[in-house]
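Asker: attaching a predicted model along with its sequence, questions to come.
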Amino acid sequence: MALKRIGLALLLTTFLSTAAAAEGQRVILVLDASGSMRGQINGQTKMDIAKQVVGKVLSNWKPEDDLGLVVYGHREKGSCTDIETVMPPRPLNVDAYMSPIKGLVPKGKTPMTQAVRQAAEALKYTEQKSTVILISDGVETCEADPCAVARELEAAGVGLTVHTVGFGLDDQGAVAQLKCLAEETGGISVLADNADDLETALKQTVEAKVEEPPPPAPEPVITENFVGHVVMAAGVELPEAYGQPTWEFYKSLEGEKGERINVEYGKDVKVNFAEPGDYIVRLVASQAVVEFPATIEIDKPLKVNYSFEAGVVNFKGYMDDATPMTDGSTTWELLKASGEYVSTLYGSEIGIMINAGSHKMALSLGTAKTAVDFSVAPGKIVNQKVTLGAGVIEARGVFSEGGQAIPEGATYELMKYEPNLDGSYEPIETQYAAPSLFKVPPGKYKVAITQDYAKVVVDAEVVAGQVLKINGNLNAGYLALTSPPDSTVEIFTVEKDLAGNRTQIGTEFYGKFNKALNAGTYYVTSRNSDGTNTVGKEFVVKAGTRTEGALP
């Protein structure tokens, strides 16, 4: 199905009114609130355009139909688990529905594939017909395979349809992903550039009638020559959470995998191979993987009952022995017993199915990291507690004791406690949010807080499982000066060294100076663009106040 490029308003109105045309229809809108939605179209952010369009469309929603909302990328930067079912499908209250949408601020990554899966599950897609409408302006950034997930949902669902909207999108990789998500579920995939024609589209589509599709043609009679069933272990069926394994079929080239010729999903599969011969079957579910050869004959079905010989391990992270982790950016790295990397998973709690034997799991949060050995027997379920032994530094800054907080965007730098031979401190991590949260192993650290030319360094001692709150006092104020537009402003210490020179603190251009400085007296010069007429003057900066002045 070809991608069309139309106005977002016309597109979204068409999707929602079409989805709502049938009595009792259940729909969830999946809305992208990742950082790229801060981009602008015609002077408005894509996020604001989406909010306006959704609000207008909802005014004509049919009261007998249910609508839900899933949002991603709106709470955390860099998190692949920042997905929230804001509202389950239910009769629409426009004000209640729009309230959380109006407050969305784009921040994070684009886990759109998992968001679609979460929406489908909220719709109970395996039990009743349902529709998911995804609005996204970017490519999947969390290592998921949109095509594979779409095929999985289509195979397990009861009439699930996914429509996709690429909004302000020119990335061809992202376009292909959105197209695949829709086409694999019988949906429509389109591209939208703006919010034009919204009012006209509403009038034309709200009352649109949806024609019943013609009955499908009868399925041809197929005789399968491969019938497969897989279990977790001998006598133990696959747990429901891992009940949709992937079957990959490859041509066998002297016992090695050649061209992949087919992919199927589910613990039970039936395949009709057009060509007899030797194949290699690769089975994957969660972290469990097995491969085995299969010889296909056209008129003699091959029935295979295979076992992963695997178990399930449920991991739960703890900051210390008694404090469970809750941070969604927690990272787990699965390793072979030898230490070789296998895969990465996210969340404070995870569950995996894995082949029986010995393995390693590394847990990390911020700069804190630990690793544990674990083993699992076939058909068994193991609960594994992993203690990170970490604490959190929550750092803020103020201009004066009990005074105004420094603005968002200041620099918070975590450093090692012991200095280098030259007296400097080795940086560990830098953040710019207020507050800045550093997840670190127990021990002593230094935190440097900087706003413009003002700086304070605070000592911090971290205890596992605890949050250490730092409110660094920069003991600083603002110096705001005016000078000729083409001049260069330079700021120095008042004191001179033995050679009679002052220490330069900073330089600003184009006659502008409005910066924070630690409290004290400074010598400030203004120099014309040709280097002449240099003038200097002393200024006193007080903590928590603003000092204004002028230089000729």
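Answerer: Cool, got the structure. The shown structure was predicted, so the numbers you read here are calculated from the model rather than taken from an experiment.
Asker: so, low pLDDT: which residues of the protein?
Answerer: Applying pLDDT under 70 to the chain flags residues 1-24, 195-223.
Asker: now the helices for it?
Answerer: 8-20, 46-58, 94-102, 112-122, 146-156, 172-183, 198-205 (DSSP state H).
Asker: grab the nearest non-local neighbour of residue 403.
Answerer: Spatial nearest neighbour of residue 403, excluding adjacent residues (Cβ to Cβ, 6 or more residues apart in numbering): residue 544 at 4.1 Å. C-betas here are computed from N, CA, C, even on glycine.
Asker: check contacts around the one you found.
Answerer: 399, 400, 403, 404, 477 (Cβ atoms under 8 Å, 6 or more residues apart in numbering).
Asker: residue 416: which of these is nearest?
Answerer: Using Cβ to Cβ, residue 399 comes nearest to residue 416 of the contacts of residue 544, at 27.1 Å.
Asker: return stretch 352-359 as PDB; C-alpha atoms alone will do.
Answerer: C-alpha atoms of stretch 352-359 as PDB (Å, rounded to 0.1, in the frame of the first residue of the first chain):
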ATOM      1  CA  ILE A 352      13.500 -13.700  30.600                       C
ATOM      2  CA  MET A 353      13.200 -17.200  29.300                       C
ATOM      3  CA  ILE A 354      16.700 -18.600  28.600                       C
ATOM      4  CA  ASN A 355      18.300 -21.900  27.800                       C
ATOM      5  CA  ALA A 356      19.200 -24.000  30.800                       C
ATOM      6  CA  GLY A 357      22.800 -23.500  32.100                       C
ATOM      7  CA  SER A 358      25.000 -20.900  33.600                       C
ATOM      8  CA  HIS A 359      24.900 -17.200  32.600                       C
END
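Asker: centre of the chain to that stretch, how far?
Answerer: In terms of Cα atoms, centre = their mean, to the nearest Å, the centre of stretch 352-359 is set 27 Å apart from its chain centre.
Asker: list the buried ones in it?
Answerer: Neighbour counts using 16 or more other Cβ atoms under 10 Å place 352, 353, 354, 356, 359 of stretch 352-359 among the buried residues.
Asker: with stretch 478-492 instead?
Answerer: 478, 479, 481, 482, 483, 484, 487, 488, 489, 490, 491, 492.
Asker: any idea how far the nearest residue to the third one once chain neighbours are set aside is from residue 329?
Answerer: The reference is to residue 481. Of all residues not flanking residue 481 in the chain, residue 513 sits nearest, at 4.3 Å (Cβ to Cβ, 6+ apart). Distance of residue 513 to residue 329, computed by Cβ to Cβ, to the nearest Å: 39 Å.
Asker: of the two, who's got more company?
Answerer: residue 513 (24 against 20; other Cβ atoms under 10 Å).
Asker: list the contacts of that one.
Answerer: 479, 480, 481, 483, 489, 491, 524.
Asker: re earlier: make TSV from the helices of the chain and add distance to residue 393 to it.
Answerer: Below are the helices of the chain laid out as TSV (distance: least, Cβ to Cβ, whole Å):
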stretch	distance to residue 393
helix 8-20	42
helix 46-58	31
helix 94-102	31
helix 112-122	30
helix 146-156	38
helix 172-183	37
helix 198-205	47
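Asker: figure out which of those is closest to residue 318.
Answerer: That would be helix 112-122 among those, by Cβ to Cβ, at 24.8 Å.
Asker: which parts of that closest one are buried?
Answerer: Residues 112, 113, 114, 115, 116, 117, 118, 119, 120, 122 are the ones in helix 112-122 that count as buried (16+ other Cβ under 10 Å).
Asker: try stretch 308-328
Answerer: Neighbour counts over stretch 308-328 (16+ other Cβ under 10 Å) mark 308-313, 315, 317-320, 323, 325, 327 as buried.
Asker: thinking again about what came up before, closest to residue 156 out of the buried residues of stretch 352-359?
Answerer: Checking the buried residues of stretch 352-359 one by one against residue 156 (Cβ to Cβ), the nearest turns out to be residue 353, at 17.4 Å.
Asker: show the contacting residues for that closest one.
Answerer: 232, 238-239, 241-242, 285-288, 308, 310-312.
Asker: would you check how far apart it and residue 381 are?
Answerer: For residue 353, the distance to residue 381 (Cβ to Cβ) stands at 9 Å.
Asker: also residue 475?
Answerer: Residue 475 is 57 Å from residue 381, where distance means Cβ to Cβ.
Asker: more neighbours, those two?
Answerer: Between residue 475 and residue 381, residue 475 has the larger neighbour count (other Cβ under 10 Å), namely 19 against 15.
Asker: correct me if wrong: the more buried one contacts residue 520.
Answerer: No - assessed by Cβ atoms under 8 Å, residue 475 is found out of contact with residue 520, at 9.0 Å.
Asker: give the bridge partners for the closest residue to residue 350 other than its chain neighbours, please.
Answerer: Nearest residue to residue 350 in three dimensions, chain neighbours excluded: residue 315, at 5.2 Å (Cβ to Cβ, 6+ apart). Beta bridges link residue 315 to residue 350, residue 384, judged by DSSP bridges.
Asker: doesn't residue 384 make contact with residue 315?
Answerer: Yes - Residue 315 lies in contact with residue 384 (Cβ under 8 Å); the separation is 5.0 Å.
Asker: now do the shared contacts for those two.
Answerer: With Cβ under 8 Å, 6+ apart, residue 315 and residue 384 have common neighbours residue 361.
Asker: list the contacts for residue 380?
Answerer: Taking Cβ under 8 Å, 6+ apart as the test, what residue 380 contacts is 311, 312.
Asker: could you do the one 3 residues further on as well?
Answerer: For residue 383, the residues meeting the contact criterion (Cβ under 8 Å, 6+ apart) are 313, 314, 316.
Asker: give me that answer again for 7 Å
Answerer: Residue 383 is in contact with residue 314, counting by Cβ atoms under 7 Å, 6 or more residues apart in numbering.
Asker: from residue 142, how far out is it?
Answerer: Applying Cβ to Cβ, the value for residue 383 to residue 142 is 26 Å.
Asker: would you list every one of the strands in the stretch 451-552 of the chain?
Answerer: Listed in chain order, the strands of the stretch 451-552 of the chain (DSSP state E, counting those that start in this stretch) span 454-462, 467-473, 476-482, 488-496, 502-508, 512-518, 520-527, 535-541, 546-550.
Asker: how about those, which one is nearest residue 265?
Answerer: Shortest separation from residue 265 across the strands of the stretch 451-552 of the chain is recorded for strand 467-473, at 43.7 Å, computed as Cβ to Cβ.
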